[in-house]
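Asks: Structure for this input, please:
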Amino acid sequence: MSRFHYTILSRAVPGREDEFVAWYRDRHLADVCRMPGVIGGKLFRMDFQRVYDIDEAPQWTLMAIYELEGDTPQNVIDAIRAASGSPEMPACDALTKAGMIQAAGHLIASAGNAGGSIDGGGFHLPARTLPVPAYLSPVAQAYLAPQGGSGPMPALDDRAGWRSYVTAIDEGLAPMLGRAGIDAGATTQERDVDGVRIYDIVPPGLSVADRGIVLDIHGGGLILCGGELCRIMGTSAAIRLQRRVWSVDYRMPPDHPYPAALDDCMAAYRALLRDFAPHQIVVSGGSAGGNLAAALMLRARDEGLPLPAGLILGTPEVDLTESGDSFNTNDGVDPGLRSLMQVNLLYADGHDLAHPYLSPLFGDFTKGFPPTILTTGTRDLYLSNTVRMHRALRQADVPATLHVTEAGPHTGFPGAPEGTQIDRELRLFIKTVLNAA
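Replies: This is a model prediction of the structure:
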């Protein structure tokens, strides 16, 4: 994908300049920067302008310059335009569009100091090459190769487009995920639990006397990996954790936005509580599944349900507002994950992204939360999500352990020695919390 700069010259309704500047500075700039394909942005108050050979040119109030990433700038700009005026990107009637100028282009030459510089509170770095650490295992090194993008995302109201988008990505993931489950030897039973499909998976060699169970909530950006992919991912979890697993095939957008997925996870947890004591249950979720797993704990607590023995959060997507530092510092460093703001808006369906059931990072953990283990890596786009969640839990005196894998991307290093080490920590955590009851 290419990088572009997108410049906007805009002006306020006469007499409402202060209102316009405050809206753009305090709200709109950040809203735009959360959109997929927007790397960052700066806002300038106009001090001088000169327009040649045009009578009565507009006197612009502000100049905004955004850095975009995509195949073309138009796809990103069209997505911004489609989101404008939504609850997540409210408009301001102090803006007049008469005379507004929008232009985008790509860099063809540059000059000046090649070192880093600080400008407007941000630190600008020159282009550089990130080496793959030689001390990683060959399998881990392969995970750090840049991955191709998934193409532009549809407009929020294009349900057919989203269905095609999801189908195409799932079909691409199926061969890769399928290879991980070959000859696993696990037994699987498909269950209907209050209308929710559950894959009940038992790994080979598990003792019949083992009463512990893991409620596993799959990842996939809140829109991917349903159906057969859910079963495959659940099988992988059962094998790695060496525990019986209930894998929840929860409903997803575009046809089932929030709160459908969380409702399904609640139904699965309630059903488990009918057959298992809370101290026999561990809830686990990775990425988007980590969002749902953490939100499940908050909602179950709020609805008076007993909490499980423990919670596993693997590089969890606990902040749908994408406010963390690593959304900038690890953008392009994580080999496969970019901003999912467009998906987040699709999932939220008009609800406040900062609500704790949508962004559990902002929940109140002082009212009760289970012991938690969190995992991430130094190249993970969700590094900040994981670190901030761990700090929030410890601030509330919740027992919480954080494991950060050197050079680890969002996927982690499954199948590599580095990934095996993390799996060992997860199994030890499960054993500890189940035995603590």
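Asks: use CA for all of it now, contacts and neighbours both
Replies: OK.
Asks: could you pull out the strands for the chain?
Replies: 2-12, 38-45, 62-70, 95-105, 117-119, 122-124, 187-193, 196-202, 213-217, 244-249, 281-286, 310-314, 372-377, 400-405 (DSSP state E).
Asks: Quick check: which of those strands is nearest to residue 341?
Replies: Proximity to residue 341 (Cα to Cα) singles out strand 38-45 among the strands of the chain, at 9.9 Å.
Asks: follow-up on the earlier one: mean pLDDT lowest where, among the strands of the chain?
Replies: Averaging pLDDT over each of the strands of the chain singles out strand 117-119 as the lowest, with a mean of 54.
Asks: and residue 408, how far is that from residue 327?
Replies: For residue 408, the distance to residue 327 equals 15 Å [Cα to Cα, to the nearest Å].
Asks: Check residue 244 too.
Replies: Taken as Cα to Cα, the span from residue 244 to residue 327 is 35 Å.
Asks: ok, the two, which is more surrounded?
Replies: residue 244 (28 against 22; other Cα atoms under 10 Å).
Asks: surely that one meets residue 205?
Replies: No. Contact criterion Cα atoms under 8 Å: residue 244 and residue 205 do not qualify, at 10.7 Å.
Asks: circling back to that earlier point, using CSV, lay out the strands of the chain together with distance to residue 138.
Replies: Shown next, in CSV, are the strands of the chain (distance: least, Cα to Cα, whole Å):
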stretch, distance to residue 138
strand 2-12, 29
strand 38-45, 31
strand 62-70, 30
strand 95-105, 39
strand 117-119, 36
strand 122-124, 32
strand 187-193, 32
strand 196-202, 31
strand 213-217, 29
strand 244-249, 30
strand 281-286, 24
strand 310-314, 23
strand 372-377, 17
strand 400-405, 15
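Asks: mind checking which of those is nearest residue 88?
Replies: Using Cα to Cα, the nearest of the strands of the chain to residue 88 is strand 38-45, at 15.3 Å.
Asks: Pull the number of nearby residues for residue 206.
Replies: By other Cα under 10 Å, the residues close to residue 206 number 13.
Asks: no no, residue 54
Replies: Neighbours around residue 54, by other Cα under 10 Å: 8.
Asks: ok, it to residue 11 distance?
Replies: From residue 54 over to residue 11 (counting by Cα to Cα), the distance is 17 Å.
Asks: repeat for residue 323
Replies: Taken as Cα to Cα, the span from residue 323 to residue 11 is 28 Å.
Asks: where in this protein is pLDDT low?
Replies: Applying pLDDT under 70 to the chain picks out residues 1, 110-124, 149, 178-184, 437.
Asks: Pull the number of nearby residues for the residue nearest to residue 257 when sequence neighbours are not counted.
Replies: Distance criterion Cα to Cα, 6 or more residues apart in numbering; nearest residue to residue 257, sequence neighbours excluded, is residue 347 at 4.8 Å. Residue 347 has 27 neighbours, counted by other Cα under 10 Å.
Asks: Distance of residue 347 relative to residue 393?
Replies: Distance of residue 347 to residue 393, given as Cα to Cα: 25 Å.
Asks: Residue 261 too?
Replies: Here residue 261 is placed at a distance of 24 Å from residue 393 (Cα to Cα).
Asks: what do you get for residue 51?
Replies: Taken as Cα to Cα, the span from residue 51 to residue 393 is 55 Å.
Asks: And those two? Which one has more around it.
Replies: Per other Cα under 10 Å, whichever of residue 51 and residue 393 has more neighbours is residue 393, with 22 against 10.
Asks: So the more buried one sits against residue 400, correct?
Replies: Yes. Residue 393 is in contact with residue 400 according to Cα under 8 Å; the separation is 6.6 Å.
Asks: Now do residue 202 against residue 53, distance only.
Replies: Distance from residue 202 to residue 53, by Cα to Cα: 77 Å.
Asks: Contact partners for residue 308?
Replies: 278, 279, 280, 281, 282, 283, 370 (Cα atoms under 8 Å, 6 or more residues apart in numbering).
Asks: Ok, residue 73 next?
Replies: Counted by Cα under 8 Å, 6+ apart, residue 73 has contacts 4, 6, 104, 105.
Asks: Same check on residue 233?
Replies: 177, 218.
Asks: begin at 33 from here
Replies: Sure, I'll start numbering at 33, so the last one becomes residue 265.
Asks: buried sites along stretch 164-171?
Replies: Neighbour-count burial for stretch 164-171 flags residue 168 (criterion: 16 or more other Cα atoms under 10 Å).
Asks: That one: end-to-end distance?
Replies: 12 Å.
Asks: Now find how far off-centre that stretch is within its chain.
Replies: 26 Å (Cα atoms, centre = their mean, to the nearest Å).
Asks: just stretch 98-109 next, same as before
Replies: 20 Å.
Asks: One more: stretch 446-455?
Replies: On Cα atoms, centre = their mean, the centre of stretch 446-455 falls 22 Å from the chain's centre.
Asks: Sounds good, over and out.
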